[in-house]
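Peer 1: A structural model of the following input is requested.
(2 chains)
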Amino acid sequence: MRSRFRWALIIIGLVLGLMLSTQFRAQQEKVQTTTVQRIEQLAQEVEASRAERDALRARNTELRNELDQVAGEAPHGRLRNELETVRIQSGVSSVTGPGIEVVLSDSSLPSQMGQDPNLYVVHDEDLVRVLNELRAAGAEALAINGERIVATSEVMCIGPAVRVNKTKRLTPPYVITAIGNQDTMIAALEMRDGVMDTLKYWGIQVTVRRVAEAGIPAYTGPTTFNYARPLSREGGS
Amino acid sequence: MHPRYFSIAVVGLLLGLLVGFQVRLLELPEPPLPPHDRGRILTAELRELALERESLSAEVRQMDNKVKTARQGIEQAEFALRAEIEKHMVLAGLTGVAGPGVELILHNVPGVDRPDGFLFTVRDEDLLRVVNELRAAGAEAIAVNDQRMTASSEIRQAGPFINVNLERVSAPYRIQAIGNPDDLVKALEFPGGLAETLRDWGINVVIETRTELVLPAYLGRPRPEYAQPLREGV
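Peer 2: Numbering: from 1, shown residues only, chains lettered A, B, ... in the order given. Prediction:
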């Protein structure tokens, strides 16, 4: 009986102590949340800003469609075709067609002691090389992880991610989609001592597959220039 | 209460406290991410978003005007459609453009005893790097030895030459880019930057800002054979 009472007391004490320390801990976390609060506020602002941007994008698409409707009317057939073509070339329209998908993921090789593990991850340069090879093979539209590559698109390593089109952060695996002649593009990549061989040397995993109907979304970034003026019509629109 | 029981209770309480703190220490080895960095990332994103919104708003105004004009009649519609075509031609690199920017000259290093007369030659990957850095710094239009860089332009080694847009170009390589001249120079010229790296390899690099550059249009403009517009897309 006595010893049971003693145990009960010990347990009560233990529970009390645990409760007290948890309480203290919760209190401390609350102090930390004042800095977190500011971050949360920033995050909310970012969220609102994104929503506003998306609304502007949607409005643009709407207006573009309205203009297309006008273009669809009988007397403008030729202009409509021209507009369609040039929008594919500028990257501002979604496209579909036969193509290939190239997937690049970081090396599976166990990195050796003393070797720079950076040698075995996919770099911006690797992506630039693959894109370049596909362009040389006549690719008509390109995207990385669904982000359309246009004339002004960069591919830059930012820490563990890759940035394209100034604001889009992509993470591996990187999926490059290309529309064009499948055989020509595959042959270009698989050429002896070509891009694939180089990448495989570093253990970077590359797979290529044909896609009968590859879809590539439209470029959604800014489409107005601040410095470059067209030569034909000085003054701009 | 018997003082012994009391002391047992105190020992129990202390034990509980100890265990509780221990758990806390084990649970939180370090703060998950310095909040300061998160703040910086979010602030940077806010700034990017503001720029994007600004440019999108400008586009909405332009498009709105075009649609209004187009609704006024056949001639006006044609005018509006031509303006829209023109705009996309500029974006695609199918129209010549003018503006401020930078000009880079990359030259091979002469080596008298070499068979081709050069100690070190500029390769396609060097040009690709330069073009990529310029794009990252916001270049709006780029040309390599008067070959305009489009979304489908390649820069590819072909023996001693480099092909750009299937046209053969050779050293010295002149890369011109239109954009904010300061931003463009800063992207290349900094300690450990691309210009320095190329110079370390012995390549002769000259970078100059220009108040007015004129870049040609890309002329070999084949119609897309494989890519079709996706009818209902976003």
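
Peer 1: can you give me the neighbour number for residue B:164?
Peer 2: By other CB atoms under 10 Å in any protein chain shown, 23 other residues sit near residue B:164. C-beta: built from backbone N, CA, C; applies to glycine.

Peer 1: I meant residue A:7, not that one.
Peer 2: 12.

Peer 1: before we move on, what SS does it have?
Peer 2: helix (DSSP: H, G, I helix; E, B strand; the rest coil).

Peer 1: now do it, the pLDDT please.
Peer 2: Each residue has a pLDDT score; the one for residue A:7 is 84.

Peer 1: then residue B:21?
Peer 2: For residue B:21, pLDDT reads 69.

Peer 1: cool, residue A:178 as well?
Peer 2: pLDDT, residue A:178: 98.

Peer 1: list the contacts of it.
Peer 2: Residues in contact with residue A:178 (CB atoms under 8 Å, 6 or more residues apart in numbering or on different chains) are A:99, A:100, A:101, A:102, A:134, A:139, A:141, A:142, A:185, A:214.

Peer 1: biggest separation within the residues you listed, which pair?
Peer 2: Across the contacts of residue A:178, no pair lies farther apart than A:102 and A:141, at 14.0 Å, counting by CB to CB.

Peer 1: break down chain A into its helices, ranges please.
Peer 2: Along chain A, the stretches classed as helices by DSSP state H are A:2-71, A:77-90, A:124-136, A:182-190, A:195-201.

Peer 1: these: which one's closest to chain B?
Peer 2: Closest approach to chain B among these is made by helix A:2-71 (2.0 Å; CB to the nearest CB).

Peer 1: quick check, central residue of chain A?
Peer 2: With distances taken as CA atoms, centre = their mean, residue A:170 lies nearest the centre of chain A, 3.5 Å away.

Peer 1: should've said chain B
Peer 2: Judging by CA atoms, centre = their mean, chain B has its centre closest to residue B:136, at 2.2 Å.

Peer 1: sorry, back to before: looking at the contacts of residue A:178, spot the one nearest residue B:41.
Peer 2: Distance to residue B:41 across these (CB to CB) is lowest for residue A:142, with 27.7 Å.

Peer 1: now do the contacts for the closest residue to that closest one other than its chain neighbours.
Peer 2: Excluding the flanking residues, the one nearest residue A:142 by CB to CB, 6 or more residues apart in numbering or on different chains is residue A:149, at 4.2 Å. Residue A:149 makes contacts with A:91, A:131, A:142, A:143, A:155, A:164, B:151, as judged by CB under 8 Å, 6+ apart.

Peer 1: quick one on the thing from earlier: if any of the contacts of residue A:178 are buried, give me the PyMOL selection for them.
Peer 2: Under the burial definition 16 or more other CB atoms under 10 Å in any protein chain shown, those of the contacts of residue A:178 that qualify are selected in PyMOL by:
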select buried, chain A and resi 99+100+102+134+139+141+142+185+214
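
Peer 1: so of the contacts of residue A:178, which ones are in strands?
Peer 2: Judged by DSSP state E, these include A:99, A:100, A:101, A:102, A:141, A:142, A:214 as members of strands.

Peer 1: of those residues, closest to residue A:227?
Peer 2: residue A:142 (24.6 Å).

Peer 1: residue 167: how many residues sit nearby?
Peer 2: With no chain named, the answer covers chain A. Residue A:167: 17 neighbours (other CB under 10 Å).

Peer 1: my question was about chain B, not that one.
Peer 2: Residue B:167 sits with 14 neighbouring residues when counted by other CB under 10 Å.

Peer 1: mind checking how far it is from chain A?
Peer 2: Here residue B:167 is placed at a distance of 13 Å from chain A (CB to the nearest CB, to the nearest Å).

Peer 1: so that residue sits against residue B:147, correct?
Peer 2: Yes - counting by CB atoms under 8 Å, residue B:167 does reach residue B:147; the two are 5.7 Å apart.

Peer 1: where's the helix or strand of chain A with the lowest mean pLDDT relative to the chain centroid, distance-wise?
Peer 2: In chain A, no helix or strand scores lower on mean pLDDT, DSSP states H and E than helix A:2-71, which sits at a mean of 83. Centroid displacement of helix A:2-71 relative to its chain, using CA atoms, centre = their mean, to the nearest Å, is 25 Å.

Peer 1: same question, stretch B:140-148
Peer 2: 15 Å.

Peer 1: equivalent analysis for stretch A:146-161, please.
Peer 2: Relative to the chain's own centre, stretch A:146-161 is displaced by 7 Å; criterion: CA atoms, centre = their mean.

Peer 1: got the domain ranges for chain A?
Peer 2: Per the record, chain A has its domains at A:1-71, A:94-216, by automatic domain parsing.

Peer 1: give me whichever of those domains is most buried.
Peer 2: Among the domains of chain A, ranked by average contacts under mean count of other CB atoms under 10 Å in any protein chain shown, first place goes to domain A:94-216 (a mean of 18).

Peer 1: residue ranges with poor pLDDT in chain B?
Peer 2: Along chain B, segments meeting pLDDT under 70 span B:1-2, B:21-36, B:111-119, B:221, B:232-234.

Peer 1: in it, which spans are strands?
Peer 2: Going by DSSP E, chain B shows strands at B:97-107, B:109-110, B:118-120, B:141-144, B:147-148, B:155-158, B:161-164, B:167-169, B:173-178, B:204-215, B:228-229.

Peer 1: the fourth one - contacts with which helices or strands?
Peer 2: With contacts taken as 3 or more CB pairs under 8 Å, 6 or more residues apart in numbering or on different chains; DSSP states H and E, strand B:141-144 sits against helix B:124-136, strand B:173-178, strand B:204-215.

Peer 1: do the second one as well
Peer 2: In terms of contact count using 3+ CB pairs under 8 Å, 6+ apart, strand B:109-110 is assigned the packing partners strand B:118-120.

Peer 1: then the last one?
Peer 2: With contacts defined as 3+ CB pairs under 8 Å, 6+ apart, the secondary structure elements packing on strand B:228-229 are helix A:77-90, strand A:95-105.

Peer 1: any idea of the mean pLDDT for the first one?
Peer 2: Which is helix A:77-90. 92.

Peer 1: thinking again about what came up before, and the angle from the least confident helix or strand of chain A to helix A:77-90?
Peer 2: Calculated by axes from the mean of the first three to the mean of the last three CA atoms, to 10 degrees, helix A:2-71 forms an angle of 140 degrees with helix A:77-90.

Peer 1: other SSEs contacting helix A:2-71?
Peer 2: Contacts defined by 3+ CB pairs under 8 Å, 6+ apart place helix A:2-71 against helix A:77-90, helix B:3-27, helix B:35-70, helix B:74-92.

Peer 1: is the residue nearest to the centre of chain A in a bridge, and if so with what?
Peer 2: Here residue A:170 sits in beta bridges with residue A:162, going by DSSP bridges.

Peer 1: pretty sure it is touching residue A:145, no?
Peer 2: Yes - under the criterion of CB under 8 Å, residue A:170 makes contact with residue A:145 at 4.5 Å.
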